[in-house]
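Participant: Whatever this is, show me its structure:
(chains A, B, C and D)
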Number of protein chains: 2
Amino acid sequence: MELKRYNRQNRMLVAVDCIIFGFDGQEIKLLLIKRGFEPEKGRWSLMGGFVQPGESFEVSAQRVLKQLTGLENVYLEQLYAFGDPNRDPLERTASIAYFALIDISKYEKQLSDHFHPEWFSLKKVPSLIFDHKEMIQMAKEKLRYKSAFQPVLFELLPAKFTLPQLQNLYEGVYESHMDKRNFSRKVLSTGLLIKQKQKDKAGSKKGAFYYKLDKKKYKHLFNSFLKFGPEPGKI
Amino acid sequence: MELKRYNRQNRMLVAVDCIIFGFDGQEIKLLLIKRGFEPEKGRWSLMGGFVQPGESFEVSAQRVLKQLTGLENVYLEQLYAFGDPNRDPLERTASIAYFALIDISKYEKQLSDHFHPEWFSLKKVPSLIFDHKEMIQMAKEKLRYKSAFQPVLFELLPAKFTLPQLQNLYEGVYESHMDKRNFSRKVLSTGLLIKQKQKDKAGSKKGAFYYKLDKKKYKHLFNSFLKFGPEPGKI
DNA sequence: ACCGTTAATTGTCAAATGTACAATTATTAA
DNA sequence: TTAATAATTGTACATTTGACAATTAACGGT
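Facilitator: Numbering: from 1, shown residues only, chains lettered A, B, ... in the order given. Sure, this is the predicted structure:
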């Protein structure tokens, strides 16, 4: 006997939402849009969309991300499945949240003016629909946890970046101050960084040397444990 | 204008599956059941169930876990949402996978003979339905990752346990050998363990002292970063 | 050409932690 | 009493971390 469906079970909508992080060289930002349909039309929201037939969650998140940013092949990781029965007041909808780390310099606003996107400082996130605030909170925590042991924050940087920028990034993630000398010793000891001859003279008179990622070592190191992040207890 | 539903969108089934870990003092085990309905009836499977109306994912996983083990208030954490459109051949079904760490000594088989559950060594997992093998693989990796920095493995131990047992546990998780002297120094330095006067004389003539968890310190430490696990590069 | 300003770069020492390695002890059974 | 087994304990060296400040490079103005 073959069945055609699982009878007597309830089906529900499934959506994806993307927590999109960017870094402008000074601080970490979050890309939000104005929701374009009811309910809650016009309020700030994470970019999202319903999972389509034949589409996996990952592909769905990639599609949504590309819709908004035009970007592909960016760092995208599943964060958590939010399934509270009442999280969407209109109808039960599960949301698979993904967080993305993008190189903000590759982002072009024009592509997606339809969504009225804006970058927000992590410290100035507006009121959001549904459980999106909770999603962001969890994404922040995951980013902290993860970047303490894996060099994932480089995904937020352009191809060339300076040590002060990198340190700003880590300090932003951990909301703490780090010692310049110890920080540079630590990151350079990984062997991940290749010093360039060129300097970035935007931020100071002396200028700061650019560095590039050693992509071979990066891919190799990514899946081993690292000891990044601040000193335990100082977070 | 108020809408009643999101029109033109497809709904899907959502289930939870539980990866249930246990530890018998020697090695880490996995609790599997024989699937009781079509398709794939009679094959080995993770314990799971459909998410019911009004039930969050977490509650759903707790219900499923209790159904099989009779246990409540055990360590249960969301692992990943599996959403491949064809993961269930009968009908599109998303699965929110949870992993559970239970004290195997509290488990009583009789409660759930209906499911024909059996404990399997992690090295001898049978062929499984759908993507359950992938779920287990991911759960193993997460357990490794997590227990390297948080003292989560204590959830697998009974109230009283010995240092050799604890070391077996860590060695099982990391599939590697650790030095007894360094291991005991490391775990004792956390201050998490309280030495008992009693000994466990089952495993040796000399007997090994029991230890208990300092539950206050445990809860406090749980959310700070620790440096457990093996030496990097030795995994 | 010199000076002042700004921010990047570089170094050292002490403390804590990690690593490698083996002798001693408690208990049981013969 | 002895032999056997597995638990317990210690030490020296290497590595990493943490705290701390002087020097350097480039610019703009004098």
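Participant: Sketch out the low-pLDDT regions of chain A for me.
Facilitator: Judged by pLDDT under 70, chain A has its weakly predicted residues at A:1-3, A:223-235.
Participant: What residues does it have near DNA strand C?
Facilitator: Proximity of chain A to DNA strand C (C-beta under 7 Å from any atom of the strand) is limited to residues A:162-164, A:180-182, A:184-185, A:203-209. All C-beta spots, glycine's among them, are computed from the backbone N, C-alpha and C.
Participant: how far does stretch A:75-85 sit from the chain's center?
Facilitator: A distance of 13 Å separates the centroid of the chain from that of stretch A:75-85, by C-alpha atoms, centre = their mean, to the nearest Å.
Participant: Oops, could you answer that again for stretch A:199-207 instead?
Facilitator: Put simply, stretch A:199-207 sits 28 Å off its chain's centre (C-alpha atoms, centre = their mean).
Participant: again, but for stretch A:134-143
Facilitator: Relative to its chain's centre, stretch A:134-143 lies at 9 Å (C-alpha atoms, centre = their mean).
Participant: Which strands and helices lie in contact with whatever helix or strand residue A:76 lives in?
Facilitator: Element membership of residue A:76, judged by DSSP states H and E, is strand A:75-82. On a contact count with 3 or more C-beta pairs under 8 Å, 6 or more residues apart in numbering or on different chains; DSSP states H and E, strand A:75-82 meets helix A:57-69, strand A:93-101, helix A:132-147, strand B:75-82.
Participant: what's the following helix or strand past the third one in contact with?
Facilitator: Read that as helix A:132-147. Note on helix A:132-147: by DSSP H and E, the next helix or strand toward the C-terminus is strand A:161-162. With C-beta atoms under 8 Å, 6 or more residues apart in numbering or on different chains as the test, strand A:161-162 has contacts from A:25, A:200, A:203, A:208-211.
Participant: cool, and stretch A:115-124?
Facilitator: Here stretch A:115-124 makes contact (C-beta under 8 Å, 6+ apart) with A:22, A:24, A:27-34, A:36, A:47, A:68, A:104, A:109, A:126, A:140, A:172.
Participant: neighbours of the nearest residue to residue A:17 once chain neighbours are set aside, just the number please.
Facilitator: Spatially, and ignoring its direct neighbours in sequence, residue A:17 is nearest to residue A:48 (3.8 Å; C-beta to C-beta, 6 or more residues apart in numbering or on different chains). By other C-beta atoms under 10 Å in any protein chain shown, 24 other residues sit near residue A:48.
Participant: which secondary structure element contains residue A:48?
Facilitator: Per DSSP H and E: strand A:47-50 holds residue A:48.
Participant: Could you tell me which residues of chain A lie near DNA strand D?
Facilitator: When proximity is defined as C-beta under 7 Å from any atom of the strand, chain A approaches DNA strand D at A:179-182, A:185-186, A:189, A:199, A:201, A:205-207, A:227, A:231-232.
Participant: Might you report the residue contacts of residue A:30?
Facilitator: By C-beta under 8 Å, 6+ apart, residue A:30 lies in contact with A:19-22, A:119-122, A:125, A:136.
Participant: domains for chain A, by residue range?
Facilitator: Following automatic domain parsing, chain A resolves into domains at A:13-148, A:149-234.
Participant: Highest mean neighbour count out of these?
Facilitator: Highest mean neighbour count among the domains of chain A (mean count of other C-beta atoms under 10 Å in any protein chain shown): domain A:13-148, with a mean of 18.
Participant: for it, how far is the first residue from the last?
Facilitator: For domain A:13-148, the first and last residues are 35 Å from each other (C-alpha to C-alpha, to the nearest Å).
Participant: and it, how far out from the chain's middle?
Facilitator: Distance of domain A:13-148 from its chain centroid, counting by C-alpha atoms, centre = their mean, is 9 Å.
Participant: do stretch A:200-209 as well
Facilitator: The answer for stretch A:200-209 is 27 Å, by C-alpha atoms, centre = their mean.
Participant: With only the CA atoms kept, save it in CSV.
Facilitator: Extracted in CSV, the C-alpha atoms of stretch A:200-209 (Å, rounded to 0.1, in the frame of the first residue of the first chain):
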residue,chain,number,x,y,z
ASP,A,200,45.8,53.6,3.1
LYS,A,201,46.2,57.3,3.9
ALA,A,202,42.6,58.1,4.4
GLY,A,203,42.5,57.8,8.2
SER,A,204,45.8,59.3,9.2
LYS,A,205,48.8,61.3,8.1
LYS,A,206,51.2,58.4,8.5
GLY,A,207,48.9,56.0,6.7
ALA,A,208,48.4,52.4,7.5
PHE,A,209,49.6,49.5,5.4
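Participant: what's residue A:45 sitting at in phi/psi?
Facilitator: Note on residue A:45: its backbone torsions stand at phi -160, psi 160 [degrees, to the nearest 10].
Participant: In contact with the closest residue to it other than its chain neighbours, which residues?
Facilitator: Distances taken as C-beta to C-beta, 6+ apart put residue A:35 closest to residue A:45, at 4.2 Å, once the chain neighbours are dropped. Shown in contact with residue A:35 (C-beta under 8 Å, 6+ apart): A:41-45, A:129.
Participant: Looking at the domains of chain A, which is nearest to residue B:73?
Facilitator: Nearest to residue B:73, of all the domains of chain A, is domain A:13-148, at 20.6 Å by C-beta to C-beta.
Participant: quick one: which of the residues of chain A next to DNA strand D sit in helices?
Facilitator: Mapping the residues of chain A next to DNA strand D onto helices (DSSP state H) picks out A:180-182, A:185-186, A:189.
Participant: Now flag whichever of the residues you listed is closest to DNA strand D.
Facilitator: Checking those against DNA strand D by C-beta to the nearest atom of the strand gives residue A:181 as the nearest, at 3.6 Å.
Participant: Let's have the domains of chain A in TSV, adding distance to residue B:92.
Facilitator: Converted to TSV, those look like this (distance: least, C-beta to C-beta, whole Å):
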stretch	distance to residue B:92
domain A:13-148	7
domain A:149-234	31
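Participant: Would you mind saying which of those lies nearest residue B:155?
Facilitator: domain A:13-148 (18.5 Å).
Participant: which of the ones in helices among the residues of chain A next to DNA strand D lies closest to residue A:154?
Facilitator: residue A:186 (14.2 Å).
Participant: Sweet, I'm off.
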